[in-house]
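[1] predicted model and sequence below, questions to follow.
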Amino acid sequence: MWGIVEDNTITKLINNPKGMVIGDVRYSKKIFELWSKAELEAKGIYEVEYDNTNKKDEQWYINTNQSFAFAGGKITASYGSATAKAHADTLWTAQDEIDGKGTEGEVATRGLKYNLIQTIKKQAAGELQNTDWYVVRKADAGTAVPSAITTHRAAVRTKADEMETAITNAADTPALETLYTYTKQEDGSVTRPLGELPTLES
């Protein structure tokens with residue numbers, strides 16, 4: 001992306017190279033390929049530099065739109081302060097009920113915690129589904145479920161409960177983000193505080 005600067009003010013942003021008129025002269029879009037940085041800037045065309053200092057993971061935060069500023073001989077695109085997504089459910093208020101939007105006390109918008117817990121439940125159900133046939137076979141034919149399978153299924157349920165509890169107990173959105181953040185350990189492994197559901201080794 002480029003911007004055109006006139007009298008130290010950004011007058012236009014250019015997403016893709018295109019022909020343009022500068023002063024009384026029409027220039028081909030090829031100037032973006034053929035001209036040097038200094039040649040473009042001499043005509044007031046500056047390539048945008050990006051400052052992502054304030055940009056945060058969109059799984060957890062709502063980022064602002066980028067703002068563009070010209071200073072120190074360059075155009076910089078930057079973000080404002082990100083807003084954390086709600087970690088808890090948002091409920092309808094008494095005023096909302098008066099306004100006909102919903103019933104006071106009922107869920108208006110699901111928060112991150114609810115959605116993350118639903119994901120854990122689905123993942124656990126998916127892992128258990130892989131061995132459901134043992135349980136069905138026992139019910140149909142009386143064939144015992146192997147102890148390793150029983151142990152694994154119990155471990156999946158236990159770990160899922162632990163993960164859901166950790167999510168429920170997270171005080172805020174940054175705490176949730178920390179649970180899901182992978183870090184490299186001294187032994188070279190990469191783990192996250194939330195842990196992982198056990199999987200059945202083939």
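    Cool, the structure landed. Numbers count the residues shown, from 1 in each chain.
[2] now Glu162: how far from Ser147?
    From Glu162 across to Ser147, the span is 22 Å (CB to CB, to the nearest Å). For every residue, glycine as well, the C-beta is placed using N, CA and C.
[3] of those two, who's got more company?
    Taking other CB atoms under 10 Å, Glu162 and Ser147 do not tie; Glu162 has more neighbours (14 against 8).
[4] please report phi then psi for the more buried one.
    phi -60, psi -40 (degrees, to the nearest 10).
[5] which residues in this protein form helices?
    31-34, 37-42, 94-98, 112-129, 132-141, 147-169, 173-179 (DSSP state H).
[6] other residues contacting the fifth one?
    This points to helix 132-141. 143-146, 149 (CB atoms under 8 Å, 6 or more residues apart in numbering).
[7] just the longest one next, same as before
    Taking CB under 8 Å, 6+ apart as the criterion, the residues outside helix 147-169 that touch it are 113, 116-117, 120-121, 123-124, 127-128, 131, 134, 176, 179, 193-198, 200.
[8] for PyMOL, write a command that selects the buried ones of these.
    Per 16 or more other CB atoms under 10 Å, the buried members of those correspond to this PyMOL selection:
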select buried, resi 113+116+117+120+124+127+128+131+134+176+179+194+197+198
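[9] contacts only, for the residue nearest the centre of the chain.
    For the chain, the residue nearest the mean C-alpha position is Gln59 (2.3 Å; CA atoms, centre = their mean). By CB under 8 Å, 6+ apart, the contact set of Gln59 is 177, 180.
[10] direction included, what does the lowest-mean-pLDDT helix or strand in the chain pair up with?
    None of the helices or strands of the chain scores lower by mean pLDDT, DSSP states H and E than strand 20-22, at a mean of 86. Paired strands of strand 20-22, with direction, are strand 25-27 (antiparallel) (DSSP bridges).
[11] Trp2: which of the contacts of helix 132-141 is nearest?
    Ile149 (61.3 Å; CB to CB).
[12] what's the local residue count around the closest one?
    Count around Ile149 with other CB under 10 Å applied: 16.
[13] how close does it sit to Met1?
    Ile149 is 56 Å from Met1, by CB to CB.
[14] got the domain boundaries for the chain?
    2-84, 111-191 (automatic domain parsing).
[15] now render those as JSON lines, adding distance to Trp92.
    What follows is the domains of the chain, written out as JSON lines (distance: least, CB to CB, whole Å):
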{"stretch": "domain 2-84", "distance to Trp92": "21"}
{"stretch": "domain 111-191", "distance to Trp92": "14"}
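[16] the closest residue to Thr143 other than its chain neighbours and Ala144, how far apart?
    Of all residues not flanking Thr143 in the chain, Arg137 sits nearest, at 5.1 Å (CB to CB, 6 or more residues apart in numbering). To Ala144, Arg137 is 9 Å away according to CB to CB.
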